[in-house]
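Asker: Quick one, what's the 3D model for this:
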Amino acid sequence: MTLRAVIYARYSSDLQSASSIEDQIRLCRERAARAGWQITGSYEDAATSGASLMRPGIQRLQQDARERRFDIVISEALDRLSRNQADIAALYQNLTFAGVAIETLAEGRIDEMHIGLKGTMNALFLKDLAAKTRRGLRGRVEAGKSGGGNAYGYTVLRHMGEDGEIRRGDRQINEDQAAVVRRIFHAYAEGMSPNRIADQLKREGVPGPRGQAWDKSTIHGNPKRGTGILNNEIYIGRLVWNRQFFVKDPATGKRQARPNPESEWIVTEVPELRIIEQHLWNDVKARQEGRKIEQTDREAWERRKPRFLLTGLVKCGCCGGGFSTVGKDRFGCSNSRNKGKSICSNRTGITRQELEGRILTILS
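Answerer: As a prediction, the model looks like this:
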């Protein structure tokens, strides 16, 4: 009986090009033709890391395997399926239970020995790659260059060095965006809320970071983590790196940020990138400190209050966004209050008692 085979291909955005997918599929098809297998489909994950199984292609593959839609999976190498030691073992167990074999161009037919040895090697590769990447980024930051990404208000420069190599990571002030940054700092120091500032910028059509609409969280961010326009110390000529590190939640595959102690921060002075004067920065920090005291009192009350019956279940009838608590005992549209009237104009509120009463009346 002719075996039904499928192909799995993946490439990482930082290491390969999109043509890698086509190359992998072509080579796998040649392998299937030599073995006399019938190709019934292919699964692809483009520009996706192999450190997690939370990928649409590999998830569809597993679902179809459970439904017995094929007999064998062909891939270029085991690390295309996953580089995570636990994930590749779980994937192998699931496919084996479904009666599906794994064949790779690099290792041949996969068995328990491959899973143990290659899984360990791939895990060590990821750990070594992460260490080398961090070492390289630290060197760039200590030289005053970008450690990855870019802050609003600056333009990343690329130029040819004397040795003919392209130099990356240098930045210069983007005067148009810098004017918006100064405007935000002045408005906040004068008493305007981040929500009102974001709403005003959206009404005027001012593009936000990465061309997206302004949101209050983009402005106020998280002072402890140094995120948000009002907390980024590069605006006063200080490049701060390594404030936090990331760990992967094994249940979801998503990364979670954890703070590093201040002793591990890497701080480099870059006075040529200063946009905000020190006195204005201090005024903003002083206002944030005052609001933090108010927030602490509010959070204490939030911890004491009971959970509402309909929390997380009510949606806005205008935009479809969530209806959340906007006062001690009132619900309102979250989008309208957090993202402004340009996103949703519904400022109608309703008391918790009235909302719960209406719902219970309908249900009864």
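Asker: Pull the number of nearby residues for R210.
Answerer: 8 (other CB atoms under 10 Å). C-beta coordinates here come from the backbone N, C-alpha and C atoms, glycine included.
Asker: Find the centremost residue of the chain, please.
Answerer: R255 (7.9 Å; CA atoms, centre = their mean).
Asker: Residues in a beta bridge with P259, which ones?
Answerer: For P259, the beta-bridge partners are Q244 (DSSP bridges).
Asker: Check the gap between it and D79 for me.
Answerer: Between P259 and D79 the computed distance is 32 Å (CB to CB, to the nearest Å).
Asker: which of these two has more neighbours?
Answerer: D79 (21 against 12).
Asker: quick one: the helices in the stretch 251-364 of the chain?
Answerer: 278-304, 334-339, 352-363 (DSSP state H, counting those that start in this stretch).
Asker: For L61, which of those helices is the nearest?
Answerer: For those, the distance to L61 is smallest for helix 334-339, at 36.5 Å, taking CB to CB.
Asker: what's the neighbour count on the closest residue to I236 other than its chain neighbours?
Answerer: Sequence neighbours aside, W281 is the residue nearest to I236 in space, at 5.1 Å (criterion: CB to CB, 6 or more residues apart in numbering). Per other CB under 10 Å, the neighbour tally for W281 reads 18.
Asker: residue contacts, W281?
Answerer: With contacts defined as CB atoms under 8 Å, 6 or more residues apart in numbering, W281 is in contact with 185, 235-236.
Asker: So which of those is surrounded by the most neighbours?
Answerer: Result: Y235 is most packed of the contacts of W281 (other CB under 10 Å), 27 neighbours.
Asker: Against I266, how distant is that residue?
Answerer: From Y235 over to I266 (counting by CB to CB), the distance is 18 Å.
Asker: now S345
Answerer: In terms of CB to CB, S345 sits 45 Å off from I266.
Asker: ditto for R31
Answerer: 47 Å.
Asker: same deal with L129?
Answerer: From L129 to I266 the distance is 20 Å (CB to CB).
Asker: Correct me if wrong: R330 contacts T351.
Answerer: Yes. Using CB atoms under 8 Å, R330 is in contact with T351, at 5.6 Å.
Asker: Strands of the stretch 151-300 of the chain, start to end?
Answerer: Taking DSSP state E, counting those that start in this stretch, the strands of the stretch 151-300 of the chain run over residues 154-160, 166-173, 238-241, 244-248, 255-259, 266-269.
Asker: of all those strands, which lies closest to A5?
Answerer: Across those, closest to A5 is strand 244-248 (CB to CB), at 31.3 Å.
Asker: Just to check, R225 is in contact with R243?
Answerer: Yes. Using CB under 8 Å, R225 makes contact with R243 at a distance of 6.0 Å.
Asker: higher neighbour count, the two?
Answerer: Legend: neighbour count by other CB under 10 Å for R225 and R243, higher for R243 (18 against 12).
Asker: residues touching the residue lying closest to that one once chain neighbours are set aside, list them.
Answerer: Spatial nearest neighbour of R243, chain neighbours left out: G226 (5.3 Å); criterion: CB to CB, 6+ apart. By CB under 8 Å, 6+ apart, G226 lies in contact with 232-233, 240, 243.
Asker: neighbour-wise, which of these leads?
Answerer: Result: N232 is most packed of the contacts of G226 (other CB under 10 Å), 20 neighbours.
Asker: so what's that one closest to, chain neighbours aside?
Answerer: A151 (5.7 Å).
Asker: per-residue pLDDT, that neighbour?
Answerer: Per-residue pLDDT puts A151 at 88.
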